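Peer 1: after the sequence you'll find the predicted model.
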Amino acid sequence: KQEVTQIPAALSVPEGENLVLNCSFTDSAIYNLQWFRQDPGKGLTSLLLIQSSQREQTSGRLNASLDKSSGRSTLYIAASQPGDSATYLCATASGGSNYKLTFGKGTLLTVNP
Amino acid sequence: KAGVTQTPRYLIKTRGQQVTLSCSPISGHRSVSWYQQTPGQGLQFLFEYFSETQRNKGNFPGRFSGRQFSNSRSEMNVSTLELGDSALYLCASSLGDLRAQYFGPGTRLLVL
């Protein structure tokens, strides 16, 4: 059974700082890994999708990496802004279905002006 | 292109009642998945539909059921509501295999 862990559970940084969010998973037989952000009381916004054959994906100030063999992914946010404040969730597609996502509990990011 | 829409956005029910939630996927998306989000358990997979067929199911009791229509719209039904069913219910749609999933805003259900 896939288990996804995100560390730290909460992170507070000053505006402008570069930061890394971590995600680890127990079953390396994944189809892909997706990073999302969730604002309070809202749904999930897809940030980046990394296929199992890829090592990283980039979108603007975001860069996500994937190391399947070690069961780890990181989300790098450059030059953080207060608008980046949200909960960041990683999810793996595995278990015989590339539609069944297993989520971590998330990292609550606060970027202070 | 319009995103995933869910109705209603908020619901208050009492124990023992049943509820139906609706999800309209992004145009062209044929896969619809449902998730339950609670503070204690986080996000948990309920089930996934593709072309009106349930392909995957999570570890939830039979009180949770769903269906998908020919236009890919999906409904989720919870019968005999319990207090523990209070949660944010999210649906997601996807274009196809190995593609990203896109989530709707959710339906917040409160069971009293």
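Peer 2: The structure has been received and is ready for your questions. Computed from a prediction, not measured in an experiment: that's the story for all the values here.
Peer 1: hey, C-alpha coordinates of stretch A:35-47 in CSV?
Peer 2: C-alpha atoms of stretch A:35-47 as CSV (Å, rounded to 0.1, in the frame of the first residue of the first chain):
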residue,chain,number,x,y,z
TRP,A,35,2.2,18.6,-7.1
PHE,A,36,-0.9,20.6,-6.2
ARG,A,37,-1.6,23.7,-4.2
GLN,A,38,-4.7,24.2,-2.1
ASP,A,39,-5.9,27.6,-0.8
PRO,A,40,-8.0,27.6,2.4
GLY,A,41,-11.5,26.1,1.7
LYS,A,42,-10.8,25.7,-2.0
GLY,A,43,-10.1,22.9,-4.4
LEU,A,44,-6.7,21.8,-5.7
THR,A,45,-4.8,23.5,-8.3
SER,A,46,-2.4,21.4,-10.4
LEU,A,47,1.1,22.7,-10.5
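Peer 1: let me see the mean pLDDT of that stretch.
Peer 2: Across stretch A:35-47, pLDDT averages out at 93.
Peer 1: got a list of contacts for that stretch?
Peer 2: Residues outside stretch A:35-47 that contact it (CB atoms under 8 Å, 6 or more residues apart in numbering or on different chains) are A:23, A:34, A:48-49, A:59, A:62, A:64, A:73, A:75, A:86-91, A:106, B:4, B:6, B:90, B:92, B:100-106, B:108. Every residue, glycine included, has its C-beta placed from N, CA and C.
Peer 1: ChimeraX command for the buried members of those residues?
Peer 2: Buried members of those can be picked out in ChimeraX with the line below, counting by 16 or more other CB atoms under 10 Å in any protein chain shown:
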select /A:23,34,48,49,62,64,73,75,86,87,88,89,90,91,106 /B:4,6,90,92,100,101,102,103,104,105,106,108
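Peer 1: from chain A, how far out is the most centrally placed residue in chain B?
Peer 2: By CA atoms, centre = their mean, chain B has its centre lying nearest to B:W34, at 3.4 Å. Per CB to the nearest CB, to the nearest Å, B:W34 is found 11 Å from chain A.
Peer 1: phi first, then psi, for that residue.
Peer 2: phi -120, psi 140 (degrees, to the nearest 10).
Peer 1: what sits against it?
Peer 2: B:23, B:45-48, B:66, B:74, B:76, B:89-92 are the contacts of B:W34 under CB under 8 Å, 6+ apart.
Peer 1: any idea which of those has the most stuff around it?
Peer 2: Neighbour counts for the contacts of B:W34 (other CB atoms under 10 Å in any protein chain shown) peak at B:C91, which has 30 neighbours.
Peer 1: grab the nearest non-local neighbour of B:S70.
Peer 2: Distances taken as CB to CB, 6 or more residues apart in numbering or on different chains place B:E52 nearest to B:S70, at 6.4 Å, with adjacent residues excluded.
Peer 1: and A:Q6, how many neighbours?
Peer 2: Counted with other CB under 10 Å, residues neighbouring A:Q6 total 22.
Peer 1: over to B:V19?
Peer 2: B:V19 has 18 nearby residues by other CB under 10 Å.
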